[in-house]
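>>> Next come a sequence and a model predicted from it.
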Amino acid sequence: MTSFAIVGVSRDTRKFGYKVFSSLKKRGQKVYPINPNAKGHLGGLKCYGSLKELPEKPDVVVTVVPPKIALKAVKEASKLGITEIWMQKGSESEEAIEFCKQKSIYCTTNACIIITNERSYRKDKQKPLAGSADSAGHDYARKHDLNHNSKLILHNPI
């Protein structure tokens, strides 16, 4: 099972940070809510103030915060040896993406983890071409036990 740290989770169920957290949790993924302003418990799970407070290193960090905060989270993740980041739309910045490239951190942008997580394969779906962005997205989804049927633009280390 893949573990996800959700940076920017909210107690407000209408906010996207909560929806990302809830979606992954409902799918049976191991999730760690991160928000320094929402410490305590959220959805029956302890909410942490930062990545360094987690009891273990997550496989993936999902950012659902403004770009400046996402950059801080990416830098913290790098210090902790976390090598996969998913920046939700509105969270990414060129600076954060470039930092990921420089540090050889696998970074997914321009895609919604909820859509990736909740879409199921259609029976008539054509297989993506090997090496295409679509193929890479399907590989990512399979690796992390996610159902996927949309294109991802992946910024991978060179």
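Done, it's in.
>>> how close does the residue nearest the centre of the chain sit to E84?
The chain has V62 as the residue nearest its centroid, 2.8 Å off, counting by CA atoms, centre = their mean. Separation of V62 from E84 (CB to CB, to the nearest Å): 10 Å. (Each C-beta comes from the backbone N, C-alpha and C, glycine too.)
>>> hmm, back to that, average pLDDT for whichever strand or helix holds the residue nearest to the centre of the chain, rounded please.
Using DSSP states H and E, V62 sits in strand 60-63. On average, the pLDDT along strand 60-63 is 97.
>>> Next, the buried residues of it.
For strand 60-63, a neighbour-count test (16 or more other CB atoms under 10 Å) marks 60-63 as buried.
>>> got it, and stretch 84-98?
Neighbour-count burial for stretch 84-98, counted by 16+ other CB under 10 Å, picks out 84-88, 91-93, 96-97.
>>> so which pair among those residues is furthest apart in space?
Using CB to CB, the two most remote members of the buried residues of stretch 84-98 are E84 and S93, lying 17.7 Å apart.
>>> so what's the residue nearest to the centre of the chain closest to, chain neighbours aside?
With CB to CB, 6 or more residues apart in numbering as the criterion, V62 has its nearest non-adjacent residue at 4.5 Å, and that residue is W86.
>>> What's opposite the one you found in the beta bridge?
Note on W86: beta-bridge partners by DSSP bridges are V62, T108.
>>> Contacts only, for it.
60-63, 107-108, 111, 113 (CB atoms under 8 Å, 6 or more residues apart in numbering).
>>> same thing but 7 Å
60, 62, 108, 113 (CB atoms under 7 Å, 6 or more residues apart in numbering).
>>> quick check, nearest of the buried residues of strand 60-63 to S23?
Nearest to S23 out of these is V62 (CB to CB; 10.3 Å).
>>> ok, now which ones touch the closest one?
Residues in contact with V62, defined by CB under 7 Å, 6+ apart, are 4, 6-7, 20, 86, 88, 113.
>>> what's the next secondary structure element after the strand holding V62?
Later in the chain than strand 60-63, the nearest helix or strand by DSSP H and E is helix 67-79.
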